[in-house]
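**Q** my questions are about this predicted structure, shown below with the sequence.
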Amino acid sequence: MANGGLASGWPIARIFGITIRLHVSWIVIFVLLTFSLGTQIIPMSNLADGGSWWKGDQILNRVHAQYPWMESEQVFRFVGVDRWSAGEVWMLAVIGTLGLFVCVVAHELSHSIVAHGAGISVEGITLFVFGGVSRLRQEAHTPGVEFKVAIAGPVMSLLLGGACAGMYYGLGDWLPAQARTLLYYFLFINVALFIFNLLPGFPLDGGRVLRAALWALLRDVRRATAIASACGRALAGFLISVGVLQIYWTRSLDLGALWWIILGLFLWSAAGAGYRQLALHEALAGVTVGDVIQKDVVAVPPDLSLDKLVDEYFYRYRFHSFPVLDAGRLVGTVSLRDVQAVPRVDWALRTVREAMQEIGENSVVRPQEDLESVLRKMVEGGRGHLPVVDGGRLVGVVTRHDLLALLQIRTDLGGRAPPRPPV
């Protein structure tokens, strides 16, 4: 699934120049899936001698129908299958979970590589509780590019599923049962990823394929996105209904039912967010930092003591942060949070230089930079404004307040661009 959000997480790998991050929520699915594999799926596949777990479940039900008193060990001896040790089962469960991780990464890498080849900047890939997301800096510019980027992930999943199927059915007689179990599981997982992601609900891959087709047909990306988002919310409502009905029929709070409800709620939210992201993109299209820059900037010197910074700047101007200039060059920013990190008794002894945050690529913007990327930097960095630099020198500042005010005006006026400020 290609999307612009979920930038946080631990960087764990870098493949083809694309950073892979692990969101903390992925730990939840790792634990739940490993437990499910170790207690249900792997033991049932063991009973089927490396076959599908539902075949093992059918064998168990048939045996218990005739001999309900049989214990698990007796069932394995009755059907003539060697039971794997607990260590083998849990090792296969961990391998199965990590294999899912690899399959999802391959799926998302396909999106990212195709997007990069089409000239779309890729921030990275984040794995989270519902799978993975490719973080793209901008949307596709044509329906054809949208289709290629969207379909790349499902095609990769289908190819991986086909490869696993070929090994399972072609080499099964020569492989141990443990290997057949994993191959069948990976076959199932990749086919499931292929089918689920092609469901026609935005922002799933199928929803993006639908948007590409509607975009080409209607020649209107906003209408195409609105229809695809509505389909996404319809799909989300269906999944929520499935979960609720499952709870109603079983009269129990089943984990599977809760999963359908949570997944449906996530898709409902993501479908709306996808449309809002497009509206934001259109509202800010063609507007740069130079259009909204504030050139009258209050800056502070690096050798100023913190007590004077508080008295002469924070109290006087009532800003939450200030750029720090040294001989006319921007060297950092100092905020209330930076000052609060220093004990009050040391304010008279410590200088701005000691408390400030040094300038990094994500903490400054340039006059020609588009406002959509500026807003992203503000949101991800939790900043209310960003200094504007040109050739290493401070030329102004852009604030979130001004940016959002412009966004509201452009939305009300139908996206009309502001006049260029005089030079």
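**A** Structure received.

**Q** can you name the next helix or strand after the helix or strand of the chain with the lowest mean pLDDT?
**A** Every helix and strand of the chain was ranked by mean pLDDT, DSSP states H and E. The lowest is strand 2-3, at a mean of 54. Per DSSP states H and E, the first helix or strand lying C-terminal to strand 2-3 is strand 10-15.

**Q** the helix or strand just after that following strand: partners in the sheet, and parallel or antiparallel?
**A** Following strand 10-15 in sequence order, the next helix or strand is strand 18-22 (DSSP H and E). In the sheet, strand 18-22 lines up against strand 10-15 (antiparallel), strand 122-128 (parallel) (DSSP bridges).

**Q** who's in contact with the last one?
**A** Counting contacts by Cβ atoms under 8 Å, 6 or more residues apart in numbering, the residues outside strand 122-128 that touch it are 4, 6-9, 11, 18-23, 25-26, 101, 104-105, 108-109, 112, 115-116, 132-137. Heads up, the C-betas are built off the backbone N, CA and C, glycines and all.

**Q** so Ile227 sits against Leu214, correct?
**A** Yes. Using Cβ atoms under 8 Å, Ile227 is in contact with Leu214, at 5.6 Å.

**Q** narrow the contacts of strand 122-128 to those that are buried.
**A** Among the contacts of strand 122-128, those classed as buried by 16 or more other Cβ atoms under 10 Å are 4, 6, 9, 18-23, 26, 101, 104-105, 108-109, 112, 115-116, 132-136.

**Q** contact partners for Ile240?
**A** 260-261, 264-265, 268.

**Q** buried subset of those, written for PyMOL?
**A** Buried subset of the contacts of Ile240, written as a PyMOL selection, criterion 16+ other Cβ under 10 Å:
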select buried, resi 260+261+264+268
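
**Q** make TSV from the contacts of Ile240 and add secondary structure and pLDDT to it.
**A** What follows is those, written out as TSV (DSSP: H, G, I helix; E, B strand; the rest coil; pLDDT from 0 to 100):
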residue	secondary structure	pLDDT
Trp260	helix	83
Ile261	helix	87
Gly264	helix	85
Leu265	helix	86
Trp268	helix	86
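
**Q** and the chain, what are its domains?
**A** Per automatic domain parsing, the structural domains of the chain span 2-198, 219-284, 289-412.

**Q** can you redo those domains as JSON lines with distance to Gly207?
**A** As requested, these are exported to JSON lines (distance: least, Cβ to Cβ, whole Å):
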{"stretch": "domain 2-198", "distance to Gly207": "8"}
{"stretch": "domain 219-284", "distance to Gly207": "5"}
{"stretch": "domain 289-412", "distance to Gly207": "22"}
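
**Q** and of those, who's closest to Val209?
**A** domain 2-198 (4.9 Å; Cβ to Cβ).

**Q** show me where the stretch 51-200 of the chain has helices.
**A** Under the criterion DSSP state H, counting those that start in this stretch, the stretch 51-200 of the chain contains helices at 53-66, 72-79, 86-117, 143-171, 177-197.

**Q** pull out the buried positions in the first one.
**A** Of the residues in helix 53-66, 53, 55-57, 59-60, 63 count as buried by neighbour count, 16+ other Cβ under 10 Å.

**Q** how about the strands in the stretch 201-350 of the chain?
**A** 321-326, 329-335 (DSSP state E, counting those that start in this stretch).

**Q** tell me which of these sits most buried.
**A** strand 321-326 (a mean of 22; mean count of other Cβ atoms under 10 Å).

**Q** re the thing from before, switch the strands of the stretch 201-350 of the chain over to CSV; also include distance to Gly172.
**A** As requested, these are arranged in CSV below (distance: least, Cβ to Cβ, whole Å):
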stretch, distance to Gly172
strand 321-326, 64
strand 329-335, 62
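
**Q** redo the buried residues of helix 53-66 as TSV? Include distance to Leu404 and pLDDT.
**A** Formatted as TSV, the buried residues of helix 53-66 follow (distance: Cβ to Cβ, whole Å; pLDDT from 0 to 100):
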residue	distance to Leu404	pLDDT
Trp53	52	87
Lys55	58	89
Gly56	57	86
Asp57	55	86
Ile59	62	85
Leu60	60	85
Val63	66	86
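
**Q** which member of the residues you listed is positioned nearest Arg410?
**A** Nearest member of these to Arg410, counting by Cβ to Cβ, is Trp53, at 54.6 Å.

**Q** now the closest one: how far from Gly162?
**A** 21 Å (Cβ to Cβ, to the nearest Å).

**Q** repeat that for Leu187.
**A** Leu187 is 9 Å from Gly162, by Cβ to Cβ.

**Q** pLDDT weak spots in the stretch 1-150 of the chain?
**A** Low-confidence segments of the stretch 1-150 of the chain (pLDDT under 70): 1-8, 130.

**Q** try 50
**A** 4-6 (pLDDT under 50).

**Q** before we move on, the earlier item: return the most buried member of the strands paired with strand 18-22.
**A** strand 122-128 (a mean of 23).

**Q** how far off centre is that one?
**A** Relative to the centre of its chain, strand 122-128 is centred 6 Å away, using Cα atoms, centre = their mean, to the nearest Å.

**Q** stretch 407-415 too?
**A** Worked out by Cα atoms, centre = their mean, stretch 407-415 lies 28 Å from the chain centre.

**Q** let's number from 6 now, not from 1
**A** From this message on, residue numbering opens at 6, which makes the last subject stretch 412-420.

**Q** list the buried residues for it?
**A** Within stretch 412-420, the residues scored as buried using 16+ other Cβ under 10 Å are 412, 415.

**Q** just the CA coordinates of that stretch, formatted as PDB?
**A** Backbone C-alpha positions of stretch 412-420 (Å, rounded to 0.1, in the frame of the first residue of the first chain) are rendered in PDB as follows:
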ATOM      1  CA  LEU A 412      -4.700  26.700   2.800                       C
ATOM      2  CA  GLN A 413      -8.100  27.800   4.100                       C
ATOM      3  CA  ILE A 414      -8.300  30.800   1.700                       C
ATOM      4  CA  ARG A 415      -7.300  28.700  -1.300                       C
ATOM      5  CA  THR A 416      -9.800  26.000  -0.400                       C
ATOM      6  CA  ASP A 417     -12.600  28.700  -0.100                       C
ATOM      7  CA  LEU A 418     -11.600  30.300  -3.400                       C
ATOM      8  CA  GLY A 419     -11.300  27.000  -5.300                       C
ATOM      9  CA  GLY A 420      -7.500  26.700  -5.300                       C
END
